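Novice: model this:
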Amino acid sequence: MAAMRVFRYKQNRLQQLKGFCAVVETRSVSRAADRLRLSQPTVSLQIQSLERDLRASLFERRGPKIEITFEGQLLYELARPLVEGLTGLDENFESRRNNVEQGRLAIAAGESTIHYVLPRAVKQFSAEHPGIVLTLNNVTGQQGLQQLRDRIVDFCVGPMLDTPSDIAFEPVVAFAPVLIAPLGHPLSKLRKISLRDISRHPLILPPRHLSTWRQVEMVFLQHNLPYEVRLEMGGWEVIKRYVELGMGISIVMSVCLTGRERLEVISVDRYFPKRVYGIVQLNTRTLSPQARAFIATFKRSAPKGE
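Specialist: Residues are numbered from 1 along each chain as shown. Sure, this is the predicted structure:
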């Protein structure tokens, strides 16, 4: 058993040096053991193992007292900075790991998310953490997932219709769908609008590969109703403008409306699903303190959902 313990100490030089420095500083094996919360035989074995490894006499033992030797003093001068540095490693690591005052943060999001959902959070986060360089990558959903997997961004913000197995989605806020039409449009004169009524009018929608088109298409297909997309264009601001010009109607999320538009706005949440925006991240990736801080800010400052 003693041989096994000596072997163990020989393989753990840090523990040997910690015991040695404690003995030097307290001038007592028993007091060193108390400081390190070890037994006195354990500290003695550490010293003996260290002397054996270095082939040096580190202390002179004079009865109950011990005195450090020249070799011991030399070793102490070399070992103390190492022991102090390693002893404080956990604390220093934890402090720097939780530091959100500096660094970089990259987020992927779609144009509508950047334009309508994130501005308040970005403004507040930048004011609270001016030392962090924040990058917003304007991408589609699939591009965002690829950047996430390639470690180009820390996380994504946006809606998710289908969540892959390697992705975690945390909902934050949901917005209701509304139908927008030109002022005086026939649909605005109906007391109750049916999905069939909507299907009779040409639509203006974002590009087919984006989630809005997929959701609208899904609803009409489920009800076996035909529909016509007259214009396909990106960005709700552009869509609102062309609806105002009388080019068609559209289904958008309430978050994009300011109340200053010259539009008829009609609730259609009984037909079309709400759009849920949230945090998209890899299951296997640990978020940085900067990322965690931004997510907390986003949750506090996200626009009011419905």
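Novice: mean confidence for stretch 44-54?
Specialist: For stretch 44-54, the mean pLDDT works out to 89.
Novice: do the same with stretch 208-228
Specialist: 89.
Novice: can I get the CA coordinates of it in PDB?
Specialist: What follows is stretch 208-228 as a C-alpha-only set of coordinates in PDB (Å, rounded to 0.1, in the frame of the first residue of the first chain):
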ATOM      1  CA  ARG A 208     -40.900  30.500 -52.200                       C
ATOM      2  CA  HIS A 209     -38.000  29.200 -50.200                       C
ATOM      3  CA  LEU A 210     -38.900  31.300 -47.200                       C
ATOM      4  CA  SER A 211     -41.200  30.200 -44.300                       C
ATOM      5  CA  THR A 212     -44.100  32.600 -45.100                       C
ATOM      6  CA  TRP A 213     -44.800  31.100 -48.500                       C
ATOM      7  CA  ARG A 214     -44.600  27.600 -47.000                       C
ATOM      8  CA  GLN A 215     -47.100  28.400 -44.300                       C
ATOM      9  CA  VAL A 216     -49.600  30.100 -46.700                       C
ATOM     10  CA  GLU A 217     -49.300  27.200 -49.200                       C
ATOM     11  CA  MET A 218     -49.800  24.700 -46.400                       C
ATOM     12  CA  VAL A 219     -53.000  26.300 -45.300                       C
ATOM     13  CA  PHE A 220     -54.600  26.500 -48.800                       C
ATOM     14  CA  LEU A 221     -53.600  22.900 -49.600                       C
ATOM     15  CA  GLN A 222     -55.100  21.600 -46.400                       C
ATOM     16  CA  HIS A 223     -58.400  23.200 -47.400                       C
ATOM     17  CA  ASN A 224     -58.100  22.200 -51.000                       C
ATOM     18  CA  LEU A 225     -58.300  25.800 -52.200                       C
ATOM     19  CA  PRO A 226     -56.500  27.200 -55.200                       C
ATOM     20  CA  TYR A 227     -54.500  30.400 -54.800                       C
ATOM     21  CA  GLU A 228     -52.600  32.700 -57.000                       C
END
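Novice: Strands of the stretch 51-200 of the chain, start to end?
Specialist: 59-62, 65-68, 103-109, 132-138, 155-159, 167-175, 177-182 (DSSP state E, counting those that start in this stretch).
Novice: which outside residues touch the longest one?
Specialist: Contacts made with strand 167-175 from outside it, assessed by CB atoms under 8 Å, 6 or more residues apart in numbering, are listed as 117, 145, 148, 160, 163, 253-255, 274-283, 298-299, 302-306. All C-beta atoms are positioned from the backbone trio N, CA, C, and that covers glycine.
Novice: Now with 6 Å, please.
Specialist: 160, 163, 253-255, 274-281, 283, 299, 302, 305-306 (CB atoms under 6 Å, 6 or more residues apart in numbering).
Novice: ChimeraX command for the buried members of the residues you listed?
Specialist: Remark: buried members of the contacts of strand 167-175, expressed as a ChimeraX selection using 16 or more other CB atoms under 10 Å:
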select :160,253,254,255,274,275,276,277,278,279,280,281,302,305
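Novice: Check the offset of stretch 281-296 from the chain's centre.
Specialist: 2 Å (CA atoms, centre = their mean, to the nearest Å).
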